[in-house]
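# please find the sequence and the predicted model below.
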Amino acid sequence: MSVRSFTAFEPPDMSQVPGEKKKLQGIEIQELDAFQVSLEECEKPQALSKFRKWITVVVISSAATCVTCASSMASFTEAGVAREFHVSMEVTILSISMFIMGLGLGPLVIGPLSEIYGRNVVYRVSYTLFFAFTWPVAFAHDIVVHLIFRFITGFCGSAFLSVAGGSVSDLFSDSTVANPMALYTLSPFIGPVLGPLISGFINQNLNWRWTYYVLLIWTFAELVALFLLVPETYTPTLVKNKAVRLRRVTGEDRYWAPLERQAKETSLTRAIVVSCYKPFQLLFFDRMALLLDLWTALILGILYLTFQAFPFIFQDGHSFNMQSTGMAFLGIGAGMIIAISTQPYWNRLYARAARENGGNVPPETRLIMGEVGGVLVPLGLFWLAFTTFRGVPWIIPIIASIPFGAGIYFVFTSTFTYLVTAYRPIAASAMGSNSFMRSTFAAAFPLFAGAMYRKLGTVGATALLAGLTTVMAPLPFIFRRIGARHRQRSRFAEH
């Protein structure tokens with residue numbers, strides 16, 4: 001609505017028939033509360049052009065990829081950092097672990113902020129801070145400063161793991177959200193695969209600090225795109241902004257938006273406290289959520305462990321240099337891309353399930369994808385384990401990592417969607433608990449990877465990891481059959 005249209009606006013006639021709804025200059029008015037502001041259909045985020053919506057999704061997804069890529073770009077800086085700061089290699093691995101812990105803790109605080117201030121404010125502030133605090137990482141003069149700011153940058157960048165999914169769902173209807181959500185879901189997991197690939201080429205030829213110089217350039221480009229191309233998509237914030245404009249232009253202070261009253265009634269501090277304890281309450285009192293979170297945490301921990309394992313497999317076993325070892329991660333990335341290319345099949349499967357169930361997809365149907373991933377992950381790891389011998393051509397273990405990468409995508413997409421739909425009343429807390437546990441495992445696994453591979457060898461260590469994923473693989477099969485009964489008994493799940 002233009003400013004000109006506001007200038008001609010007259011206060012609503014309060015003598016209308018009770019309950020009758022009117023439209024005055026694009027504002028829906030009801031007798032029950034004549035000054036409550038709402039959006040017209042053309043003002044809602046889903047009314048944006050298809051091109052504009054997809055541009056927004058691409059920018060948000062690439063920004064998320066940049067953040068998660070930053071977590072693993074540190075993998076090949078370790079030798080340079082250890083040499084310059086005179087610390088052990090084990091200490092330098094903390095650069096990855098500290099960043100990931102920031103990623104895990106950030107959503108607990110940032111999530112409630114987006115529901116009060118909107119998506120765009122959170123994106124812009126958090127990404128500006130992410131950019132600003134990467135400078136001390138790049139120019140640190142000692143390991144303490146380097147590690148502290150790695151944690152802070154991870155915390156600031158975590159907005160794209162807690163808020164961005166909401167932006168995608170704001171822009172698309174339930175019937176069209178699958179493909180853009182699949183793209184966004186892939187981006188946080190393709191990022192850790194790209195990190196070693198980029199970092200390997202940089203650290204093979206330049207000083208380790210150039211890893212972070214390149215990250216600064218990438219982050220700045222993403223920051224500009226966020227300011228220029230990403231609109232506000234959170235409907236309550238759009239309504240609030242419209243109410244502010246109405247009050248300013250008409251001089252009528254009685255116009256209001258629900259978010260304004262909610263902000264007055266709800267303490268931000270209380271919202272953050274609830275956001276921090278509710279995920280742990282879910283973990284302690286709901287076994288299904290706990291087991292699914294453990295499953296995804298184990299798999300992400302193994303993915304981050306590969307940043308330490310692949311140098312043992314390819315540098316020690318096949319005499320790869322740093323940049324060639326980074327390229328070995330292309331197998332995992334290829335698996336993820338192959339997996340996302342199957343999304344049209346899953347869309348048809350869910351559409352059929354919706355037709356058979358009165359328009360609603362049963363949450364347990366989402367676990368079918370997880371069953372495929374549950375098989376592919378241990379299959380890929382066992383194949384990788386028994387092809388790490390020196391006499392086996394180097395391409396074979398890389399090919400073996402393809403089903404592992406595809407399985408990662410299937411497991412995470414399935415589990416995330418199931419948690420959100422099965423625990424819809426507390427969906428943010430369900431994702432918060434999953435994010436915290438995943439980040440804890442991902443931060444811890446690289447720390448013992450070197451010792452494990454030196455002690456057990458590449459075959460034994462990788463086979464042990466494969467065995468752990470095999471133990472967890474039955475979970476989607478079990479919960480697809482008993483999940484509905486469990487939800488009936490759970491105090492957290494949607495019945």
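Perfect, I can see it now. Note that the coordinates shown come from a computational prediction; the quantities given were computed from them, not determined experimentally.

# R254 is in contact with Q36, isn't it?
No. With contact defined as CB atoms under 8 Å, R254 does not reach Q36; the gap is 9.6 Å. Glycine gets a C-beta too; all of them are placed from N, C-alpha and C.

# neighbour count: those two, which is higher?
A count of neighbours by other CB atoms under 10 Å puts Q36 above the other of R254 and Q36, at 18 against 14.

# what residues are up against the residue nearest to the more buried one when sequence neighbours are not counted?
Spatial nearest neighbour of Q36, excluding adjacent residues (CB to CB, 6 or more residues apart in numbering): W256 at 6.2 Å. Taking CB atoms under 8 Å, 6 or more residues apart in numbering as the criterion, W256 is in contact with F35, Q36, V37, A243.

# what does T92 give?
A74, T77, E78, A79, V81, A82, F85, I143.

# now secondary structure and pLDDT too, for the contacts of W256, in a markdown table please.
As requested, the contacts of W256 are arranged in a markdown table below (DSSP: H, G, I helix; E, B strand; the rest coil; pLDDT from 0 to 100):
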| residue | secondary structure | pLDDT |
| --- | --- | --- |
| F35 | coil | 79 |
| Q36 | strand | 80 |
| V37 | coil | 80 |
| A243 | helix | 86 |
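
# can you name the helix or strand that W383 falls in?
helix 367-385 (DSSP states H and E).

# now W256, what are its backbone angles?
phi -150, psi 160 (degrees, to the nearest 10).

# quick one: the helices in the stretch 351-495 of the chain, in order.
367-385, 395-422, 427-472, 475-489 (DSSP state H, counting those that start in this stretch).

# what's in contact with the last one?
Applying CB under 8 Å, 6+ apart, the external contacts of helix 475-489 come out as 287-288, 291-292, 295, 362-365, 367-368, 370-371, 373-374, 414, 418, 422, 493-495.

# mark which of the residues you listed are buried, thanks.
288, 292, 295, 362-365, 367-368, 370-371, 373-374, 414, 418, 422, 493 (16 or more other CB atoms under 10 Å).

# sort out which residues of the helix or strand that L226 is a member of are buried, please.
Assigned by DSSP H and E, L226 falls within helix 209-229. The neighbour-count check on helix 209-229 (16+ other CB under 10 Å) flags 209-215, 218-219, 222-223, 225-226 as buried.

# reformat those residues as JSON lines; add pLDDT.
JSON lines is the format used below for the buried residues of helix 209-229 (pLDDT from 0 to 100):
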{"residue": "R209", "pLDDT": "95"}
{"residue": "W210", "pLDDT": "96"}
{"residue": "T211", "pLDDT": "95"}
{"residue": "Y212", "pLDDT": "96"}
{"residue": "Y213", "pLDDT": "96"}
{"residue": "V214", "pLDDT": "96"}
{"residue": "L215", "pLDDT": "96"}
{"residue": "W218", "pLDDT": "96"}
{"residue": "T219", "pLDDT": "96"}
{"residue": "E222", "pLDDT": "95"}
{"residue": "L223", "pLDDT": "95"}
{"residue": "A225", "pLDDT": "95"}
{"residue": "L226", "pLDDT": "94"}
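
# secondary structure class for T306?
Three-state call for T306 (DSSP: H, G, I helix; E, B strand; the rest coil): helix.

# do I have it right that it meets I332?
Yes. Here T306 reaches I332: they are 7.4 Å apart, a contact under CB under 8 Å.

# which neighbours do the two share?
Joint contacts of T306 and I332 (CB under 8 Å, 6+ apart) do not exist.

# on that earlier part again, chain center to the helix holding L226: distance?
Relative to its parent chain, helix 209-229 has a centroid offset of 19 Å by CA atoms, centre = their mean, to the nearest Å.

# pick out the residue nearest the middle of the chain.
For the chain, the residue sitting closest to the mean C-alpha position, by CA atoms, centre = their mean, is L161 at 3.1 Å.

# what's the average pLDDT for the strand or helix carrying it?
Remark: L161 resides in helix 159-162, with elements defined by DSSP H and E. Across helix 159-162, the average pLDDT comes to 76.

# can you check stretch 44-55 too?
Here the average pLDDT along stretch 44-55 is 89.

# what's the span of that stretch, first residue to last?
By CA to CA, to the nearest Å, the extent of stretch 44-55 from end to end equals 17 Å.

# give the buried residues for it.
In stretch 44-55, counting by 16+ other CB under 10 Å, buried: K44, P45, L48, K53, W54, I55.

# list the contacts for the third one?
L48 makes contact with T56, L171, P231 under the criterion CB under 8 Å, 6+ apart.

# excluding chain neighbours, give the residue nearest to the second one in space.
To tie it back to what came earlier, the one meant is L171. K53 (4.6 Å).

# isn't that neighbour up against F172?
Yes. K53 is within contact range of F172, at 6.8 Å (criterion: CB under 8 Å).

# which residues are in contact with both of the two?
Counting by CB under 8 Å, 6+ apart, the residues touching both K53 and F172 are Q46, P180.

# what does stretch 381-401 contact?
302, 313-314, 317-318, 320, 328-332, 335, 380, 403-404, 458-459, 462-463, 465-466, 469.

# out of these, which are buried?
Going by neighbour count (16+ other CB under 10 Å), the contacts of stretch 381-401 have 302, 313-314, 317-318, 320, 328-332, 335, 380, 403-404, 458, 462-463, 465-466, 469 buried.

# residue boundaries of the helices in the stretch 101-250 of the chain?
119-138, 143-157, 159-162, 164-171, 178-205, 209-229, 235-250.

# just name the most buried of those helices.
helix 159-162 (a mean of 27; mean count of other CB atoms under 10 Å).

# helices or strands next to that one in the packing?
helix 50-73, helix 89-117, helix 119-138, helix 427-472 (3 or more CB pairs under 8 Å, 6 or more residues apart in numbering; DSSP states H and E).

# let's see 7 Å
When contacts are defined as 3 or more CB pairs under 7 Å, 6 or more residues apart in numbering; DSSP states H and E, helix 159-162 packs onto helix 50-73, helix 89-117, helix 119-138.

# mean pLDDT lowest for which of these?
helix 89-117 (a mean of 86).

# what comes up buried for that one?
92-117.

# repeat for stretch 482-491
So for stretch 482-491, counting by 16+ other CB under 10 Å, buried means G483, H486, R487, S490.

# K278: which of these is nearest?
S490 (14.0 Å; CB to CB).

# backbone phi and psi for the closest one, please?
phi -80, psi 140.

# columns distance to S62 on top of the contacts of L48, output as JSON lines?
Formatted as JSON lines, these follow (distance: CB to CB, whole Å):
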{"residue": "T56", "distance to S62": "11"}
{"residue": "L171", "distance to S62": "16"}
{"residue": "P231", "distance to S62": "16"}
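
# remind me which residues of the stretch 351-495 of the chain are low pLDDT?
494-495 (pLDDT under 70).

# let's go with 90 and repeat that
Applying pLDDT under 90 to the stretch 351-495 of the chain picks out residues 351, 353-363, 366, 389-391, 413, 416-436, 439, 482-495.

# now do the stretch 151-300 of the chain
158-190, 232-287.

# pLDDT at P18, what is it?
pLDDT, P18: 37.

# the one 3 residues further on now?
If you check K21, the pLDDT there is 43.

# check the one 3 residues further on too.
Reading off the confidence values, L24 has pLDDT 39.

# same check, this time on P11
pLDDT, read off for P11, is 39.

# tell me how many other residues crowd the closest residue in space to V193 that isn't next to it in sequence.
Distance criterion CB to CB, 6+ apart; nearest residue to V193, sequence neighbours excluded, is G333 at 4.3 Å. Using other CB under 10 Å, G333 has 19 other residues around it.

# and if you look at N357?
Using other CB under 10 Å, N357 has 11 neighbouring residues.
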